[in-house]
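> structure of the sequence below:
(2 chains)
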Amino acid sequence: MNKEQDLLAKVIQKKGNFERGEKNCITDIQGVRIGHLTVNKDLVDPSSDSKVRIRTGLTAVLPYSMEREERLFMEEFILHGGKETTGYQVTKDFCYLNSPIAITNSFDVGAVYDAILSYGFALGRSEIWPPFVVGIDDFYLNGIKKSHMDEKAILNAFHRASGEVVEEGSVGIGLGLRAFDAKGGIGTSSRKFPMGSSQFHIGILVVSAHGNRESSGNENSLIITAAVDMPLVPYQIRHITKGLTFGLPAALNPTGYTDAVQCVLFTTANPMSMENEGPPVFDFKALDDSFLPKIIQAGSEAIQEAILRSLIKAVPVQGKDGRLCDPIPAPSIEKIMRDLE
Amino acid sequence: MKRRNFIKGAVCGISLIPGITDKKGRLENLSSNIEADLPRKRLRELGIRIGTLEPGPFNAITDVSGVKVGHKTIIKGEGPMAARTGVTVIFPHAGNIYEENVFASCFDLNGWGEMTGAAAIEASGKLKTPIFLTGTYNVGIVHKAAVHYLSKINPAMGDTGRTVSPVVAECFDDFLSHTMSRQITEKDVSQAIENAKSGPVEEGSVGGGTGMTSFGFKGGIGTSSRKVDDSHMVGVLVMANTASREDLRIDGVPVGREIAGYEYVSGKTKSIILIAATNAPLLPFQLKKIAKRVAMGLAQTGAISRTGSGDIILAFSTANRITRKNQAPFHDIKAVNDYRITPFYQATVDATQEAILNALTSARTVVGRDGNTAHGIPLDQVIRIMKKYNRIGNAAYE
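Predicted coordinates for the structure are as follows:
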């Protein structure tokens, strides 16, 4: 058993109060698919003859089959930081998601935004606006300070998005990220629990680029994407995003070393069909508020596991100026796990 | 409430010539459209004054010292693929805004719109980039161009310096422009940046306002300013693409209900982006309150902020500069005493109303996609109605 498997086994053996979902991934929420575009290239800058190491990417969460004209309730809670987050006003005021959620580097936000429009137009949707793109910094390892992704590659990531087990670690936007002064990246986990006679899930995907004590001041963000399949309405979703964010344990979100924590949560229940602009009145269901603490507890467990997985699944990446970023050493993970007890 | 709105109509291939055809390509009575051909004027040039405070020398956002505005107007082709779009850029001060940030705050009266970078402004209280105004589907391309521009003049960005989220705001210009084809390039954005200057600001169907319609007439860019005292100024610039004709009030007069002819073919309402600038030292929490008064100025034009109207407001103050590289433990910050802030509210409300109306009175008739025509508001009718209500040539209002 190698070190990574050993650590993962410890994480998985850790019993919480909730059962893991079937895949233990955000894709346990039916319909949710994840697409990664990993850009790992070395170019030669002709002006200086120096090597430009591109270590970046895009991770997209497709909330449902985008052929359908649907909107899902979503809320975004920004604890601090305020990384680029497009679609901000519509999310805040209208509380819905109408596009893939895409997380990329801050230079490619425009390119990804534009590609999401092209994606929606090509699907024949009457609406894929506003694109929801989060831009974070990966410039410790990523050497290119320019938008580099082309539309075809971005569209490919959407088309290839899969509802199977999610690739984690140094993939997608995770390739160039640093967390806890080691290699950061993508992690996912899920929990399931009964409510009434139904079985519901919460799925988490984290982008770990936080907890760096030796930071160049360019990074330190934790982006949490959460999906659920129980019927909620926006004020409840907002309540949960706040609970998940404030519930982050200090061992996984060292206060003072993290300058952006953002959490979005959408529910695939209560889809709003917008065919022919939708009906005059929507019929929604809403969970009783007394269940909300349970969702927060289950989500918190999944977030903790997802952050640990993002660190454990990372691989060494060498990037800008030859900087090498190794995965977090096993004793450090073990210490974090002890702190979590 | 769709951003994309197919309007089927016969193709009319004549652009920027007022009053030739109606929406369905039928010839209209040319004589009834002559008034739209009159030289366009600013509201004040029609003898209409809003409020009692005096405007600055240019009656524009550029009266706030250091603020520069640049337009790039894109008029391409005719028929279904016609482009009537563009981009307008506002530089908050004459220096390098990435190195010298200013305080800012946003207020969404109705969030059905996009203003990128707003999350960062709300988190940091600071504006760190120029402000770009454009058509809805151009946002990605303009954002990319803005990041490239900022990183080119600031090599530290994305290296030792943080990246910033450029402010790119939009309205939907699809009535006059084929928006899905996104006929804007990074070069267009560079040209808007090169065109940025202080002094008088071109208004109406220019830059980001090229394809915008407002109050059932041609809308676009409008600006105005007010002097609060000898040294303090409030300036407002809008990209107006909102409201219906019957909403329109000018200084309280229900002009929109009395105006005749020039039926506007699309009932769709869109959005308005409003930017307020002041050289008075205000902190972000105070700028939030200025931004809310901007919304009151919008309300005075009769607009009701319909559900499909993204009414998004940003206010900034050029007085306090936070220098990125400044490692000193303290910054010297000034702030207006809240007991003395009301005149700034007055200036903001009045300048906003006048800026929106300037966009209307300055904008010429534009024929665009599929021959869709947005008429310039007939100024002779505006004068006639305002006279009827005793608002022009009445000493009490001068």
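> residue B:330 belongs to a helix, doesn't it?
No. Judged by DSSP: H, G, I helix; E, B strand; the rest coil, residue B:330 forms no part of a helix; its state is coil.
> number of nearby residues for it?
The number of residues packed near residue B:330 is 6, by other Cβ atoms under 10 Å in any protein chain shown. The C-beta positions use only the backbone N, C-alpha and C, and glycine is treated the same way.
> which pLDDT value belongs to it?
pLDDT, residue B:330: 87.
> check residue B:398 too.
72.
> so who does it touch?
residue B:49 (Cβ atoms under 8 Å, 6 or more residues apart in numbering or on different chains).
> quick one: it from chain A, how far?
With the distance defined as Cβ to the nearest Cβ, to the nearest Å, residue B:398 ends up 40 Å from chain A.
> residue contacts, residue 178?
The chain I'm using is chain A. Contacts of residue A:178 (Cβ under 8 Å, 6+ apart): A:140-141, A:184, A:209, A:212, A:219, A:325.
> wait, chain B was what I had in mind.
Per Cβ under 8 Å, 6+ apart, neighbours of residue B:178: B:80-83, B:369.
> that one belongs to a helix, doesn't it?
No. Secondary structure of residue B:178 (three-state DSSP): coil, not part of a helix.
> separation between it and residue B:370?
9 Å (Cβ to Cβ, to the nearest Å).
> so which of the contacts of residue A:178 wins on neighbours?
Ranking the contacts of residue A:178 using other Cβ under 10 Å puts residue A:184 first, with 36 neighbours.
> what residue ranges in the stretch 51-200 of chain A score low on pLDDT?
Filtered on pLDDT under 70, the stretch 51-200 of chain A yields no residues whatsoever.
> contact residues of it facing chain B?
The stretch 51-200 of chain A comes close to chain B at residues A:78, A:80-90, A:92-94, A:106-117, A:121, A:126-127, A:129-131, A:135, A:137, A:139, A:145-147, as judged by Cβ under 8 Å from any Cβ of the partner chain.
> narrow those to those in helices?
Among those, the members found in helices (DSSP state H) are A:88-90, A:92-94, A:109-117, A:121.
> and the strands in chain B, which stretches?
With DSSP state E as the criterion, chain B has strands at B:68-76, B:83-91, B:100-111, B:126-127, B:131-135, B:167-171, B:213-214, B:217-218, B:220-227, B:233-241, B:271-278, B:310-323, B:366-367, B:373-374.
> mind checking which of those strands is nearest chain A?
Nearest to chain A among these is strand B:100-111; the distance by Cβ to the nearest Cβ comes to 2.8 Å.
> from the contact counts, what lies against that closest one?
Here strand B:100-111 touches helix A:88-94, helix B:118-124, strand B:126-127, helix B:284-300, strand B:310-323, going by 3 or more Cβ pairs under 8 Å, 6 or more residues apart in numbering or on different chains; DSSP states H and E.
> can I get the ones you listed in JSON lines with distance to residue A:205?
Shown next, in JSON lines, are the helices and strands packed on strand B:100-111 (distance: least, Cβ to Cβ, whole Å):
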{"stretch": "helix A:88-94", "distance to residue A:205": "17"}
{"stretch": "helix B:118-124", "distance to residue A:205": "20"}
{"stretch": "strand B:126-127", "distance to residue A:205": "30"}
{"stretch": "helix B:284-300", "distance to residue A:205": "32"}
{"stretch": "strand B:310-323", "distance to residue A:205": "29"}
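> in TSV: these, plus mean neighbour count and distance to residue B:158.
What follows is the helices and strands packed on strand B:100-111, written out as TSV (neighbours: other Cβ atoms under 10 Å in any protein chain shown; distance: least, Cβ to Cβ, whole Å):
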stretch	mean neighbour count	distance to residue B:158
helix A:88-94	22	22
helix B:118-124	23	15
strand B:126-127	24	18
helix B:284-300	21	25
strand B:310-323	24	19
